[in-house]
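Participant: need a structure here:
(chains A, B, C and D)
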There are 2 protein chains.
Amino acid sequence: MAAADLTTHPGHLARRLQQAHYLLWNAMVSEEITSPQYAVLNTLVAEPGLDQRTVGERVGLDRSTIAEVISRLSRRGLLDKVRDPQDGRRSLLRPTDEGVRTHRKLTVRTARMNQVFLAPLTADERTVFFDLIRRVADAAEGLRNPSEPLAAPR
Amino acid sequence: MAAADLTTHPGHLARRLQQAHYLLWNAMVSEEITSPQYAVLNTLVAEPGLDQRTVGERVGLDRSTIAEVISRLSRRGLLDKVRDPQDGRRSLLRPTDEGVRTHRKLTVRTARMNQVFLAPLTADERTVFFDLIRRVADAAEGLRNPSEPLAAPR
DNA sequence: TCAAATTAATCAGGGCACTGAGTATTTCTG
DNA sequence: CAGAAATACTCAGTGCCCTGATTAATTTGA
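Facilitator: Residues are numbered from 1 along each chain as shown, chains lettered A, B, ... in the order given. Take a look at the predicted model:
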């Protein structure tokens, strides 16, 4: 038995979890708007006028991916994108009225979907589930950003 | 506050977890062979001669995706693909010698990576982590396959 | 002040993941 | 046995996700 058991590989489990979520989202929330698109919309409803990079940071998408997601949302008329007159490099984003309406509708459906998704877990287990995943993800992200040098900057 | 807090959305956490794993894999295991490719290789080392569909089932990839992954592994010379003489629809897959060598090498590195990835959790927490994710993913997958009718078949 | 460094966004390219449609082969069945 | 159904795979299309290179604009600093 030279081969490893995939069910003990966190990466494999993470991928399966994400796939399962993707399929359920498609079935219960929307076939048009994806979960990352919703995350972007959600961020912009809370903080209209953010620039692209910052939105990407908030939802955990790199510069290239956030550009694609935003271009799709913009094409669908769910957000407006205008150059920042103060800083010509930036694009400022804000949801359109339809964007806000869509966000509201999807928020309801998402809550329903999350109930189904988490149904196998008790309330206590859900808390642990969130906590463990968050800790692992945070730690791994921390490995990327060499974190501010321990010595005083400058 | 019309917007929801993403950190309580399991889908968002699942995506972040998977991304974190992707980045760590790239840094610690391989930039050439991806985690899904490794999973396929791992399955074929354990059970050489499987057909494409079955491999996809084992690692949790649909027919289209498994076809792409296999075509890449085949292009890299890590597996052989031959038509089943018994059933002309099937392609039978088995790792090449180099495929087996690559698999062995990556298995060692993957173990190291998993240690780092799971470092924030205690041994007990890791067990829970696996258990909770597996239960949620299994349940969601169960929703897709309408599951064998409850009444006796035929 | 004006060249160098930094920053925001874009583009090209590779890979994963799904759906729906199409092809070839095998199996089922009338 | 021939037509229908099922099965394995392929293909086209959409979207997420990353890296590395490029472009445009702003900020820094000699």
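Participant: now do the strands in chain A.
Facilitator: For chain A, the strands defined by DSSP state E cover A:50-51, A:79-83, A:91-95.
Participant: which stretch among these comes nearest DNA strand D?
Facilitator: Closest of these to DNA strand D is strand A:79-83, at 8.2 Å (criterion: Cβ to the nearest atom of the strand). In short, each C-beta sits where N, CA and C put it, glycine included.
Participant: give me the contacts around the closest one.
Facilitator: A:40-41, A:44, A:52, A:70, A:73-74, A:90-96, A:99 (Cβ atoms under 8 Å, 6 or more residues apart in numbering or on different chains).
Participant: ok, which of those residues also contact chain B?
Facilitator: Among these, no residue lies close to chain B (Cβ under 8 Å from any Cβ of the partner chain).
Participant: and the residue of chain A nearest DNA strand D?
Facilitator: For chain A, Cβ to the nearest atom of the strand, closest residue to DNA strand D: A:G88, 2.6 Å.
Participant: which helices and strands sit right next to the worst-scoring helix or strand of chain A on mean pLDDT?
Facilitator: Across the helices and strands of chain A, mean pLDDT, DSSP states H and E gives its lowest value to helix A:123-144, namely a mean of 92. For helix A:123-144, the elements it packs on are helix B:10-28, helix B:97-118, helix B:123-144, judged by 3 or more Cβ pairs under 8 Å, 6 or more residues apart in numbering or on different chains; DSSP states H and E.
Participant: near DNA strand C, which residues of chain A?
Facilitator: Counting by Cβ under 7 Å from any atom of the strand, the residues of chain A close to DNA strand C are A:15, A:19, A:22-23, A:26, A:51-53, A:63-64, A:67, A:70, A:87, A:89-91.
Participant: okay, now the unreliable bits of chain A?
Facilitator: Along chain A, segments meeting pLDDT under 70 span A:1-2, A:144-154.
Participant: quick one: name the residues of it near DNA strand D.
Facilitator: So far as Cβ under 7 Å from any atom of the strand goes, chain A lies against DNA strand D at A:34, A:36-37, A:60-65, A:68-69, A:72, A:87-89.
Participant: just the buried ones from those?
Facilitator: The neighbour count (16 or more other Cβ atoms under 10 Å in any protein chain shown) marks A:T34, A:P36, A:Q37, A:G60, A:L61, A:V69, A:R72 as buried among these.
Participant: check contacts around the residue lying closest to the second one once chain neighbours are set aside.
Facilitator: Distances taken as Cβ to Cβ, 6 or more residues apart in numbering or on different chains place A:V69 nearest to A:P36, at 5.7 Å, with adjacent residues excluded. Contacts for A:V69 were tallied using Cβ under 8 Å, 6+ apart; they are A:P36, A:Q37, A:V40, A:L61.
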